[in-house]
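> for reference, the sequence and a predicted model appear below.
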Amino acid sequence: MNNRPRRWRPPAELANCAVHRSTKTTPLPDSFRFPRTPLVVFAYNPFGYDLMKAVLRNLSEAYAEEPHPIWFIYRIATQRKVFEDFRFLQEAFTQGEGYHVYCTAEAT
């Protein structure tokens with residue numbers, strides 16, 4: 001039996017997703033609106049609990065307005081507990097403590 005960790009394979013739809021770059025020094029402003037199209041969010045331990053909650057609230061509002069595929073890739077997931085408050089994203093893949101992929105029902 002092969003004991004290597006399972007690798008997550010992104011769906012082909014990711015090639016057509018919107019792109020927005022943000023860093024720790026330039027966080028998403030409150031006025032930022034996530035696109036209402038297939039979307040990938042990649043977060044590499046970006047910020048603390050309160051700001052992560054604000055980002056997920058903003059993302060959930062975009063999803064509620066127009067449900068669409070969303071993949072949230074979270075590396076070094078120190079604030080992953082906040083995802084428990086946002087049920088529109090379900091954990092699709094995890095590799096230990098350091099790598100989590102969440103997605104909406106439309107993305108599965």
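Received it, and whenever you're ready, just let me know what you need.
> pLDDT at the residue most central in space within the chain, what is it?
Using CA atoms, centre = their mean, the residue of the chain that lies closest to the mean C-alpha position is F72, 1.6 Å off. F72 carries a pLDDT value of 92.
> now it. Nearest residue, chain neighbours left out?
Closest residue to F72 apart from its sequence neighbours, by CB to CB, 6 or more residues apart in numbering: Y102 at 4.3 Å. (Each C-beta comes from the backbone N, C-alpha and C, glycine too.)
> can you give me every residue that contacts that neighbour?
Residues in contact with Y102 (CB atoms under 8 Å, 6 or more residues apart in numbering) are 71-72, 74, 83, 89-92.
> now do 10 Å
Counting by CB atoms under 10 Å, 6 or more residues apart in numbering, Y102 touches 41, 56, 70-74, 77, 80, 83, 86, 88-94.
> among those residues, which are located in strands?
Counting by DSSP state E, the part of the contacts of Y102 found in strands is 41, 70-74, 90-94.
> is it possible to mark the buried ones in those?
If you count burial by 16 or more other CB atoms under 10 Å, the buried members of those come out as 41, 70-74, 92-94.
> specify the local secondary structure of the nearest residue to L89 once chain neighbours are set aside.
Excluding its sequence neighbours, the residue lying closest to L89 (CB to CB, 6+ apart) is Y102, at 4.0 Å. Of the three states, Y102 takes strand under DSSP: H, G, I helix; E, B strand; the rest coil.
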